[in-house]
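>>> Here is the input, now give the coordinates:
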Amino acid sequence: MRNPSFAALVLLGLAAPLAAQSRQAPNLIFTISGGLTAGGDFWEVSPQPYPVPPNAADSFTLGRVRRPGLVATLGASLFRSPHVGYWAEVGYFGIATESRCRPLGPYAPDADNTTQQACDGIQGAHVPSSAIGFQVGLVYRFAPARVLSPYLRASGGLAALGASFVQTAAVVGSQQCAPNSTCQVALLTDPNRRDLSGMATVAAGFTISTGPAYKVRLEARDLLAWLPNVEGPASPAALQAPPVGTKLHHVFVFTVGVDVVLVRQRGRRY
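The predicted model follows:
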């Protein structure tokens with residue numbers, strides 16, 4: 001070729017668009033993670049009366065605290081630019097709770113000690129409350145081409161709630177339990193149990209590349225969950241159903257995950 005400089009310019013001109021396509025190629029990532037939620041306070045109501053036939057009543061302090069629970073999530077992110085991407089996730093969040101019951105004074109006379117049995121059974125009982133969340137949002141990664149890449153994410157959506165966050169009951173043995181000798185005594189009931197609520201996430205973490213198609217992900221998130229909250233004592237006239245509202249809870253979550261990276265470039269996957 002008589003003009004090597006001209007050939008070099010042509011090759012550079014062809015290479016530049018290809019490099020640009022590579023940098024802008026959509027990047028699809030599937031993530032599976034597992035971890036733990038942190039415990040914390042929940043709700044407390046005092047004094048809570050409970051009738052004792054024929055004409056007496058016992059009084060209690062009732063409540064719940066959050067316990068650590070298991071987390072399992074499946075997510076997908078799509079990056080149409082190197083830094084900003086879309087995020088979608090379905091996850092199980094074990095927002096487990098533990099019941100509290102403390103009598104406020106001596107128990108009223110009762111041949112079967114029914115309310116005392118109920119309070120003793122409630123105290124320290126583990127309740128398998130949980131939330132299954134469906135969220136979408138945005139993620140920003142700071143160094144997508146590096147082995148270690150920090151990121152921030154914000155998302156929101158809905159949560160399906162499992163088990164009651166209000167019902168406070170225990171199984172007791174009593175002659176009044178017909179036709180069996182055991183039955184459930186509820187110091188608080190939840191006739192209008194809530195099944196859906198709002199959920200949001202603010203998360204920070206980093207990924208560690210272990211190859212062209214896999215990454216390890218470490219993440220800490222503040223899971224914002226709007227959960228049922230007992231706002232006052234129940235009355236026997238209301239069948240022990242207390243006033244229930246909604247309270248925003250900050251549930252801290254720590255997860256470890258694996259990313260499977262799919263890069264679409266010029267109609268092919270790598």
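
>>> For the rest of this, base every contact and every neighbour count on C-alpha atoms.
Noted.

>>> All the helices of this protein, in order from the start?
Under the criterion DSSP state H, the chain contains helices at 4-24, 114-122.

>>> Just give me the lowest mean pLDDT stretch among the ones you listed.
Among the helices of the chain, helix 4-24 has the lowest mean pLDDT, at a mean of 42.

>>> Looks like Trp43 contacts Thr61 (just checking).
No: between Trp43 and Thr61 there is no contact under C-alpha atoms under 8 Å: 10.8 Å.

>>> for the lengthiest strand in the chain, packing partners?
For the chain, the strand that runs over the most residues, judged by DSSP state E, is strand 244-265. Applying 3 or more C-alpha pairs under 8 Å, 6 or more residues apart in numbering; DSSP states H and E, one finds that strand 244-265 makes contact with strand 27-37, strand 214-230.

>>> what mean pLDDT does the longest one have?
Yep, that's strand 214-230 we're talking about. For strand 214-230, mean pLDDT rounds to 95.

>>> who does that strand pair up with?
Using DSSP bridges, strand 214-230 pairs in its sheet with strand 196-209 (antiparallel), strand 244-265 (antiparallel).

>>> If I take that strand and strand 27-37, what angle do their directions form?
With axes from the mean of the first three to the mean of the last three C-alpha atoms, to 10 degrees defining the directions, strand 214-230 sits at 50 degrees from strand 27-37.

>>> Tell me how far strand 214-230 lies from the chain's centre.
Distance of strand 214-230 from the chain centroid (C-alpha atoms, centre = their mean, to the nearest Å) equals 6 Å.

>>> now the shortest one
Averaged C-alpha coordinates place strand 27-37 at 14 Å from its chain's average position (C-alpha atoms, centre = their mean).

>>> And the average pLDDT for it is what?
95.

>>> how about that strand: buried residues?
Asn27, Leu28, Ile29, Phe30, Thr31, Ile32, Ser33, Gly34, Gly35, Leu36, Thr37 (16 or more other C-alpha atoms under 10 Å).

>>> same thing with stretch 243-262?
Buried residues in stretch 243-262 (16+ other C-alpha under 10 Å): 244, 249-259, 261-262.

>>> returning to what we had before: would you put the C-alpha positions of the longest strand of the chain in CSV?
Extracted in CSV, the C-alpha atoms of strand 244-265 (Å, rounded to 0.1, in the frame of the first residue of the first chain):
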residue,chain,number,x,y,z
VAL,A,244,-54.3,-0.6,64.6
GLY,A,245,-52.4,1.9,62.4
THR,A,246,-49.3,1.8,60.3
LYS,A,247,-45.8,2.6,61.3
LEU,A,248,-42.7,3.0,59.3
HIS,A,249,-40.0,0.6,60.4
HIS,A,250,-36.3,0.7,59.4
VAL,A,251,-35.2,-2.9,59.1
PHE,A,252,-31.5,-3.2,58.5
VAL,A,253,-30.5,-6.1,56.1
PHE,A,254,-27.1,-7.6,55.3
THR,A,255,-26.8,-9.9,52.3
VAL,A,256,-24.2,-11.8,50.3
GLY,A,257,-25.0,-12.6,46.7
VAL,A,258,-23.7,-13.9,43.3
ASP,A,259,-24.1,-12.0,40.1
VAL,A,260,-24.4,-13.7,36.7
VAL,A,261,-23.5,-11.1,34.0
LEU,A,262,-24.9,-11.1,30.5
VAL,A,263,-23.4,-8.6,28.1
ARG,A,264,-25.3,-8.0,24.8
GLN,A,265,-23.0,-6.7,22.1
